[in-house]
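Enquirer: give me coordinates for this.
(2 chains)
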Amino acid sequence: TQLLEQSPQFLSIQEGENLTVYCNSSSVFSSLQWYRQEPGEGPVLLVTVVTGGEVKKLKRLTFQFGDARKDSSLHITAAQPGDTGLYLCAGALGIMRFGAGTRLTVKP
Amino acid sequence: DAGVIQSPRHEVTEMGQEVTLRCKPISGHNSLFWYRQTMMRGLELLIYFNNNVPIDDSGMPEDRFSAKMPNASFSTLKIQPSEPRDSAVYFCASSQDGGLVAGYTFGSGTRLTVV
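Expert: This next block holds a predicted model:
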């Protein structure tokens, strides 16, 4: 059983669509991070959220940390093929604990 | 900074052979992590070091796996003897002060195939 459950596991959408992926846990985290991994490369940090209820925006990406600091969501507006990749969330419990990821494909 | 540097990028070896993976962390980072990634199991933490000292190796699959960090700028992960089920992408990552805010910086990984 994963400490962090990410959903959906796979998502395939057309360019221009909006999407939301989720990261859930029963544990409380002092911080939570989102990474994107492209084929053949390591994960790259997108954002860190620290405060319950916090919302951060990175261009077309919006990240939200749950009020209880147990869950998070990532919303992408008007997805583009360049958004294709594996999105991993990681929660801080001593060290960062990673979820299994959501594999996103954006078709042109 | 060149980032976290791993070598080799690809390794194909025969079952039973010894495999050594190498990692150079970012200068100034005091934590180093070794992960294994497969489609079935995702990203698994194998071992991590803080200030060159192994802190938690509970993720190391079995005695065939060993890791060392002789100094702040170099770490190795060794598999001896290797088995086909060890085939995976192995990542090294480094961070400053646990990476809880600034995050981890990952290398590009070593794709290991054991035949």
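
Enquirer: how about the residue in chain B positioned nearest to chain A, nearest residue that isn't a chain neighbour?
Expert: For chain B and chain A, the shortest gap (CB to the nearest CB) falls at residue B:106, measuring 2.9 Å. To be clear about C-beta, it is placed using only N, CA and C from the backbone, and glycine gets the same treatment. The spatial neighbour of residue B:106 that comes closest, neighbours along the chain excluded (CB to CB, 6 or more residues apart in numbering or on different chains), is residue A:42 at 2.9 Å.

Enquirer: A strand includes that neighbour, no?
Expert: No - with DSSP: H, G, I helix; E, B strand; the rest coil as the criterion, residue A:42 is located in coil rather than a strand.

Enquirer: contacts only, for it.
Expert: Under the criterion of CB atoms under 8 Å, 6 or more residues apart in numbering or on different chains, the contact list for residue A:42 reads B:4, B:91, B:93, B:106-109.

Enquirer: flag the shaky bits of chain B, pLDDT-wise.
Expert: Along chain B, segments meeting pLDDT under 70 span B:1.

Enquirer: how about the residues of it by chain A?
Expert: Contact residues, chain B versus chain A (CB under 8 Å from any CB of the partner chain): B:4, B:31, B:33, B:42-43, B:45, B:48, B:56, B:91, B:93, B:98-109.

Enquirer: in ChimeraX, how would I select just the buried ones from these?
Expert: With 16 or more other CB atoms under 10 Å in any protein chain shown as the criterion, this ChimeraX line picks the buried residues out of the residues of chain B next to chain A:
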select /B:4,31,33,42,43,45,48,91,93,98,99,100,103,104,105,106,107,108,109
